[in-house]
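Q: Build me a model from this:
(one chain, ligands or ions: 1)
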Amino acid sequence: MIAGKPFEPGERALLIDSKERRYLVTLQSGKQFHSHMGTLEHDALIGELEGVRVQASKGGRLLAVRPTLSDFVLKMKRGAQVVYPKDVGLILVYADIYPGASVLEAGTGSASLTLALARAVGVTGSVVSYEVRPDHHDQAMANVDSWFEGIGGVPENLELRVGDVFDDVAGETFDRMVLDMPEPWRAVGTTTASLTAGGIICCYLPTIPQVQQTVDALRSWGFGMIETLEGLVRTWKVDGLSVRPDHRMVAHTGFLITARKLSN
Ligand SMILES: C[S@@+](CC[C@H](N)C(=O)[O-])C[C@H]1O[C@@H](n2cnc3c(N)ncnc32)[C@H](O)[C@@H]1O
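A: Numbers count the residues shown, from 1 in each chain. Modelled structure (predicted):
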């Protein structure tokens, strides 16, 4: 017998068809999932272990698992462009987001990165995330509420604030700062005053002129250990004799700059 927790009503399930198309559903007893494969009763999944394969009414098979955070983020509604999983992983490692860290983030955008930061700091850390646009903040709140629904609710150590990060953080201190916004160099003199000695700032930027301006600002404000990188992820097809890189890849997304706050 395989160990595991059966699907329950109110939980999310990710359904994957034979062509790898993915559908996110919230299970409700008596409801149906409709697609080109016909219908699937949610009750066919409730009580089953994840990893179960079920048949839709027109005969097509669907695999059902609980969505990972990355699965959820790629399906959730977006106000602003999200940070993709390949870059989220790099940010967590290069910005050294650890359990117990206090993290300042801006802008929240659609909250893709916010959710990953909240998970990485754990129950002993904290995340404060600023978003200047109320409409983006509202979408981020909706996404955060949706992710945490059914898994204990939004943790108290995750706070989403509406506001301009250049104005609003005076008086607080943070171990880490993660800025995914167009002009982070404007924050280097003011916002980063709230960074603890040795603390890490991580900026995520799509273009090289933005990178140059940010690195110059970090240098002029006395930050050290400044590094810039980008991550390229290439998936492969491995099928019999056909073993080769996939034809398509997400090529350019953004550059990552990390730097440490020096104490003198
Ligand atoms: C690319 S999006 C962030 C996406 C987010 N990291 C995610 O993964 O969903 C950039 C966001 O920064 C916000 N922003 C720009 N300047 C800001 C500022 N000074 N303070 C707070 N938020 C700001 C924008 O409104 C926008 O929503």
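Q: Can you list the strands that the biggest strand by length in the chain pairs with?
A: Of all the segments of type strand in the chain, defined by DSSP state E, the longest one is strand 195-205. Its sheet considered, strand 195-205 pairs with strand 174-179 (parallel), strand 255-260 (antiparallel) by DSSP bridges.
Q: Figure out which of those is closest to residue 208.
A: Nearest of these to residue 208, taken as Cβ to Cβ: strand 255-260 at 7.2 Å. Quick note: C-beta positions are derived from backbone N, CA and C, even for glycine.
Q: would you put the C-alpha positions of the closest one in CSV?
A: Taking Å, rounded to 0.1, in the frame of the first residue of the first chain, the C-alpha atoms of strand 255-260 are listed here in CSV:
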residue,chain,number,x,y,z
PHE,A,255,19.4,39.6,-14.7
LEU,A,256,20.1,39.2,-11.0
ILE,A,257,22.4,41.6,-9.1
THR,A,258,23.4,40.8,-5.6
ALA,A,259,25.5,42.9,-3.2
ARG,A,260,26.3,43.1,0.5
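Q: let's have the chain start at 699 instead
A: Got it, the first residue is 699 from now on, which makes the last one we talked about strand 953-958.
Q: hmm, that strand in reach of the ligand?
A: No. Using Cβ under 6 Å from any ligand atom, strand 953-958 stays clear of the ligand, coming no nearer than 12.4 Å.
Q: Ok, stretch 851-866 next?
A: Yes. Using Cβ under 6 Å from any ligand atom, stretch 851-866 reaches the ligand at 862-864.
Q: thinking again about what came up before, so whatever helix or strand comes next after the longest strand of the chain versus strand 893-903, what angle?
A: Downstream of strand 893-903, the first helix or strand assigned by DSSP states H and E is helix 906-918. Using axes from the mean of the first three to the mean of the last three Cα atoms, to 10 degrees, the inter-axis angle of helix 906-918 relative to strand 893-903 is 170 degrees.
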